[in-house]
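J.: Fold the following, please.
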Amino acid sequence: MYAKARRKQPFCRTHEEPNFELRTQSNVVRINLDAQGKRATGVTYIDAQGRESSSRQISSFFALMNSITQTAALSGIGKPYNPATGQGVVGRNYAIR
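T.: Purely as a prediction, here's the structure:
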């Protein structure tokens, strides 16, 4: 009937890998896709010094909800939601409370 309590465990242990690199104060501007547009191959981001760079591998991409919606739309992932017609998916469940 009730959920059982468990101690918190991290879902990702990437930071323990020897080739892990954390890039803080960076803003992802686009998710790079393969030639078919079906798979993410990396990201294009602006680093702390304002330089645009590309990463060919992604471990994790954390962002606020509005950033994820905007990044998906700018990257050409999915069809943008049109509230007038009800068509599309990107941004459909986005709401400001």
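J.: When you work out contacts or count neighbours from here on, use the C-alpha atoms and nothing else.
T.: OK.
J.: what about the helices in this protein?
T.: Ranges of helices within the chain are 65-75, based on DSSP state H.
J.: which stretches of this structure have low pLDDT?
T.: Counting by pLDDT under 70, the chain contains low-confidence ranges at 1-15, 58-66, 95-97.
J.: Let's see that with 90 instead.
T.: By pLDDT under 90, the low-scoring segments of the chain are 1-48, 52-97.
J.: what about the closest residue to Ser26 other than its chain neighbours, how many neighbours?
T.: Distance criterion C-alpha to C-alpha, 6 or more residues apart in numbering; nearest residue to Ser26, sequence neighbours excluded, is Asp47 at 4.4 Å. Asp47: 16 surrounding residues under other C-alpha atoms under 10 Å.
J.: now do Ser75
T.: The number of residues near Ser75, taken as other C-alpha under 10 Å, comes to 18.
J.: can you check the one 3 residues further on too?
T.: Taking other C-alpha under 10 Å as the criterion, the count of residues near Gly78 is 14.
J.: likewise Thr24?
T.: Thr24, neighbours per other C-alpha under 10 Å, totals 8.
J.: ok, now Thr71?
T.: Neighbours of Thr71 using other C-alpha under 10 Å come to 17.
J.: do Ser26 as well
T.: 16.
J.: Next one: it from Thr69, what distance?
T.: 17 Å (C-alpha to C-alpha, to the nearest Å).
J.: Counting neighbours, what do you get for the closest residue to Lys79 other than its chain neighbours?
T.: If the residues on either side of it in the chain are set aside, Lys79 comes closest to Gly88, at 4.7 Å by C-alpha to C-alpha, 6+ apart. Neighbourhood size, Gly88 [other C-alpha under 10 Å]: 13.
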